[in-house]
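Fold the following.
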Amino acid sequence: MAQPAPHTHIIKRVTLPSGKQVDVVSYVAAGTDVARPNAPQQPLACCPSCGHDRVQPTGWSEVGTSHWHVTLRCPDCEERREAIFGQSELDEFDVALDEGTRSVAADLDLLARANMADDIDRFIKALGGDHIVPEDF
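Numbers count the residues shown, from 1 in each chain. Modelled structure (predicted):
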């Protein structure tokens with residue numbers, strides 16, 4: 001009797017009308033192309049539920065030589081999903097994550113500078129109004 005072929009699986013989280021979430025598991029014979037039946041119409045960084053572009057990977061594992069099982073989470077609406085993606089999709093996602101990181105770092109820098117400028121202005125006003133005395137230090 002021949003050994004059954006090893007399998008890998010694809011997990012898709014589905015939200016039912018009642019709000020309950022269920023995981024649908026599809027098995028694929030190992031060694032075959034693990035193409036997903038419903039390829040995304042939008043970049044992985046975009047949430048299919050709310051449309052925001054801040055989706056983040058929370059877990060991943062290699063499936064075969066050119067695919068990855070990835071768990072994604074949207075921090076805006078808390079949508080979570082799992083699927084298997086090809087390396088080229090993940091390379092594009094990695095570029096989007098890097099751009100997002102640079103954008104957040106630039107915004108943080110602007111915010112820090114604005115806060116520092118505000119602190120300096122208040123300090124100067126306090127000094128000018130004699131509200132700061134040596135005993136404050």
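
Apart from its chain neighbours, what residue comes closest to the spatially most central residue of the chain?
Residue closest to the mean C-alpha point of the chain, counted by Cα atoms, centre = their mean, is Gln56 at 0.7 Å. Nearest residue to Gln56, sequence neighbours excluded (Cβ to Cβ, 6 or more residues apart in numbering): Arg73, at 5.6 Å. Backbone N, C-alpha and C define where each C-beta goes, glycine included.

Give me the distance between the helix or strand hosting Asp118 and the centre of its chain.
Under the criterion of DSSP states H and E, Asp118 resides in helix 87-128. Distance of helix 87-128 from its chain centroid, counting by Cα atoms, centre = their mean, to the nearest Å, is 18 Å.

For it, name the packing helices and strands.
strand 56-63, strand 67-73 (3 or more Cβ pairs under 8 Å, 6 or more residues apart in numbering; DSSP states H and E).

how does it look with 6 Å?
Of the remaining helices and strands, none touches helix 87-128 by 3 or more Cβ pairs under 6 Å, 6 or more residues apart in numbering; DSSP states H and E.

Determine the angle, from 0 to 180 degrees, between it and strand 67-73.
30 degrees (axes from the mean of the first three to the mean of the last three Cα atoms, to 10 degrees).
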